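Chemist: Okay, sequence plus prediction incoming.
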Amino acid sequence: MIFRRYSSPGRVLVALVALGFCASLAHASATLLLEAPYGHMAFFTGTGHAAVYLSDICADDPRTLRPCKSGETGVVISRYDHVGGYDWLAIPLIPYLYAVERPEDVPLLADAKTVAFLRDSYRRKHLEEIVSDNADGSTPGGTWYQLVGSSYDRTIFGFEIETTPEQDAALIRKLNLSPNRSHFHLVSRNCADFAKDIINFYYPKTLHRSVVADVGITTPKQISKMLVRFHAHHPEIGFSRVVIAQVPGSMPRSTNPKGVVESFLKSTKYIVPSAIASPIFAGCVFAVYVGTGGGFQPDRDAMVFSSGSAREPPIARADREAYEQKLKQLLAESDPALAAANADKAWERLQSKARASFDDRDAPVLEMQVGEKSVSVGIAPGNVLHSDAPPQLVQGILAARLRSELKHAPAKGISQAEVARDWKLLEESMSQGELARVRTDSQDPVESELAGTVGAGVEGDVFLNAERGSGAGSNHADGP
């Protein structure tokens, strides 16, 4: 097996995550993943990416499929451009989304250096045969980063439809026996074409490209609309929707997925000159957008996927606003520096200067200098309360996480359970911080001085002293 075996508790948690992803379906399923676009190279980038999650199909390695064993989560399969020369590759669900192997190790906040470190670490463990090191041992360039950690770059919308073991077995035979060599072409053999073909294998002639809305190019949004329409005509087939929110942090936020005509219409640098030159043409573009379902909402009636629990309905707007007010009050009462307007930016600067690493159980941490002392800060739910970092740093990352998910997460991309988990972690960190202050003030003058240095702050910046002492960079190249 190319993938590392989990410990017994890890197997149980991963199995629960898989059940949470497919909770509405009693059988195997295929989930069409509509992945939101990011970056601003051209209006074509507004179409995003497409992949398919197969709940009961797993892989001995990314090129060879097999039926899943008990407790395995299935794979995400997609077509890639210039990755090892292969047409498709299959990656386990949690690594595909987060570049880690256990749900409890998903970072609370992500920045480019941490994401690059996690992706490259996973590549070195599991993908060396497909994406090898450079001659000098450094990280290779290219688009291989798309194989893992997709949720750091974008929000993902899933459209899940039930399948049968017989259908899964037939797909395994087909893909394993077919030549797996890349012939990627943006117009005729892109990622959405591959996803379309997978869904059509299960349900023939269900998905197709749109000559009008997308000028004949298959787009992720078009095939997602078609699958929703197929379900409307076949309600007897199990179907559900899910939102997988982009991980909070300083990574640029993704945008709404679009079709080709829609991308043109909503790009001011294209549509404005066109409207000036020919109002009739611009009006026709708008008519095409409206007539082809341009207002499609991929998150409509969707449940929220969380890496550590079963999926749930999105948090109500009133509850979200109540949490925001409650957080402001809690931080103002406990530590005004944490409540300062620039506290999150201070954490981002500190995170960008720290060195990403792993603790003794392979969970991600940030190593940084605080004064004269080197500390390791856990950055995932499973280790954030169990590191040697000063309590103020732990509270800083948790406060930044809560502020980011409450303010920036998609309107329907955050659940009550996830906010409650992060709230509980913050409260526990504050309790630990209070105990630590009592202990260090009375017993350990060195630790007391360290805590005072971190918590002192200048102009409300609780992390200023830590920033001054943290100059180490990542072991690996920055992310894309």
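Modeler: Looks like it arrived, so ask away.
Chemist: Tell me which residue lies nearest the centroid of the chain.
Modeler: residue 151 (1.4 Å; CA atoms, centre = their mean).
Chemist: Now it, what are its backbone angles?
Modeler: Backbone geometry at residue 151, expressed as degrees, to the nearest 10, gives phi -70, psi -10.
Chemist: Please identify the nearest residue in space to it, excluding sequence neighbours.
Modeler: residue 97 (4.4 Å; CB to CB, 6 or more residues apart in numbering). All C-beta spots, glycine's among them, are computed from the backbone N, C-alpha and C.
Chemist: and residue 326, how many neighbours?
Modeler: Counted with other CB atoms under 10 Å, residues neighbouring residue 326 total 13.
Chemist: helices or strands up against whichever strand or helix holds it?
Modeler: Per DSSP states H and E, residue 326 falls inside helix 317-334. Helix 317-334 sits against helix 336-339, helix 391-408, helix 416-443, with contacts defined as 3 or more CB pairs under 8 Å, 6 or more residues apart in numbering; DSSP states H and E.
Chemist: Between helix 391-408 and that helix, find me the angle.
Modeler: Angle of helix 317-334 versus helix 391-408, following axes from the mean of the first three to the mean of the last three CA atoms, to 10 degrees, is 150 degrees.
Chemist: secondary structure element for residue 83?
Modeler: Following DSSP H and E, there is no helix or strand that holds residue 83.
Chemist: pLDDT value on it, please?
Modeler: Listed pLDDT for residue 83 reads 93.
Chemist: please begin residue numbering at 608 from this point
Modeler: That works, and once the first residue is 608, the last one we named lands at residue 690.
Chemist: ok, now how distant is it from residue 737?
Modeler: Computed with CB to CB, to the nearest Å, the distance linking residue 690 and residue 737 is 7 Å.
Chemist: When these two are compared, which one has more neighbours?
Modeler: residue 690 (23 against 18).
Chemist: returning to that earlier point: who touches the residue nearest to the centre of the chain in this structure?
Modeler: 704, 705, 851, 852, 853, 854 (CB atoms under 8 Å, 6 or more residues apart in numbering).
Chemist: Of those, which belong to helices?
Modeler: 704, 705 (DSSP state H).
Chemist: So for residue 768, what's the nearest residue that isn't a sequence neighbour?
Modeler: In space, and not counting its chain neighbours, residue 768 is closest to residue 846: 5.2 Å by CB to CB, 6+ apart.
Chemist: which residues touch that neighbour?
Modeler: Neighbours of residue 846 in contact, by CB under 8 Å, 6+ apart: 766, 767, 768, 769, 838.
Chemist: so which two of these are the farthest from each other?
Modeler: 766 and 769 (11.9 Å; CB to CB).
Chemist: With neighbour numbers in mind, choose between the two.
Modeler: residue 766 (25 against 19).
Chemist: Just say helix, strand or coil for the more buried one.
Modeler: strand (DSSP: H, G, I helix; E, B strand; the rest coil).
Chemist: What helix or strand is the residue lying closest to it once chain neighbours are set aside located in?
Modeler: Nearest non-adjacent residue to residue 766, counting by CB to CB, 6+ apart: residue 639, 4.5 Å away. Taking DSSP H and E as the criterion, residue 639 maps to strand 636-642.
Chemist: Looks like residue 1024 contacts residue 920 (just checking).
Modeler: No - look at residue 1024 against residue 920 with CB atoms under 8 Å: they stay out of range, at 9.9 Å.
Chemist: Neighbour count for those two, which is higher?
Modeler: Counted by other CB under 10 Å, residue 1024 and residue 920 do not tie: residue 1024 has more neighbours, with 17 against 13.
Chemist: what about that one, distance to residue 790?
Modeler: Applying CB to CB to residue 1024 and residue 790 gives a distance of 43 Å.
Chemist: ok, back up a step: can you add mean pLDDT and give the helices and strands packed on helix 924-941 back as JSON lines?
Modeler: Below are the helices and strands packed on helix 924-941 laid out as JSON lines (pLDDT from 0 to 100):
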{"stretch": "helix 943-946", "mean pLDDT": "80"}
{"stretch": "helix 998-1015", "mean pLDDT": "90"}
{"stretch": "helix 1023-1050", "mean pLDDT": "78"}
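Chemist: For residue 824, pull up the helix or strand it's in.
Modeler: Here residue 824 is assigned to no helix or strand, by DSSP H and E.
Chemist: tally of neighbours for it?
Modeler: Counted with other CB under 10 Å, the neighbours of residue 824 add up to 20.
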